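A.B. asks: how would this look folded up:
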Amino acid sequence: MTSCAPDIPPFHGYVETTVHALRLIHAARQGLIPRITRRLNDTERRSMVKSGAVFVFSVEESGIKRWTDGLLWSPSRIVGNFLVYREINERASSLSVTGYKASTSTYTSGSDQGTFKPNGLIKKTITVTIEGSDLHLISYYTSEDIRSGRLKKPSSRPDIMSLYMPPHIFRLTNFRVPPKVEMGPDGKQRLV
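C.D. replies: You can find the predicted model right below:
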């Protein structure tokens, strides 16, 4: 499933910012955290897609053009450079009453988006182009895990934080909200 040795620890935690996402994608490219190299099977999805799970993959390496996890999601919302989805209950349009689709008047404002699942997952995604290759980061978390501080951020991993990340490898102009670049004490440019 991953391109790296099984003893490489995956990153389990919360991806709060664009720079966090870039650090994790760069760490995956460098082999510091594993990359997904093929589509997850149903058993892997059930055991791996949970709060704190973070997956990084490239389309070219994995053949995955569209990430699937078997869960139902709300339409995406743009939050900074991320697309954010909330897990929903069964879609209203798939419910039936005696074999017929129920009247839209039984749904909130006639939408068929379903309702947010209580204590459901939130999915946060970002796509980054590096050297012509699209890399995707998919992260899952619950609001409760964020509020309680149960999920660590990439800053909790010294191996990830110490990895030099040259800003020029990222097409910063592709971001809705580009990260800032500043000169570090060592004279190297850094993303902040």
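A.B. asks: Residue 26 belongs to a helix?
C.D. replies: Yes. When DSSP: H, G, I helix; E, B strand; the rest coil is applied, residue 26 is found to be in a helix.
A.B. asks: Dihedrals phi and psi, the closest residue to residue 62 other than its chain neighbours?
C.D. replies: Nearest residue to residue 62, sequence neighbours excluded (Cβ to Cβ, 6 or more residues apart in numbering): residue 37, at 5.2 Å. For glycine as for every other residue, the C-beta is placed from the backbone atoms N, C-alpha and C. Dihedral pair for residue 37: phi -110, psi 0, per degrees, to the nearest 10.
A.B. asks: what separates residue 37 from residue 64, distance-wise?
C.D. replies: 9 Å (Cβ to Cβ, to the nearest Å).
A.B. asks: Who has more neighbours out of the two?
C.D. replies: residue 64 (18 against 15; other Cβ atoms under 10 Å).
A.B. asks: which element follows the helix or strand where residue 21 lies toward the C-terminus?
C.D. replies: Element membership of residue 21 [criterion: DSSP states H and E] is helix 18-29. Following helix 18-29 in sequence order, the next helix or strand is helix 42-48 (DSSP H and E).
A.B. asks: and that following helix, how far out from the chain's middle?
C.D. replies: 16 Å (Cα atoms, centre = their mean, to the nearest Å).
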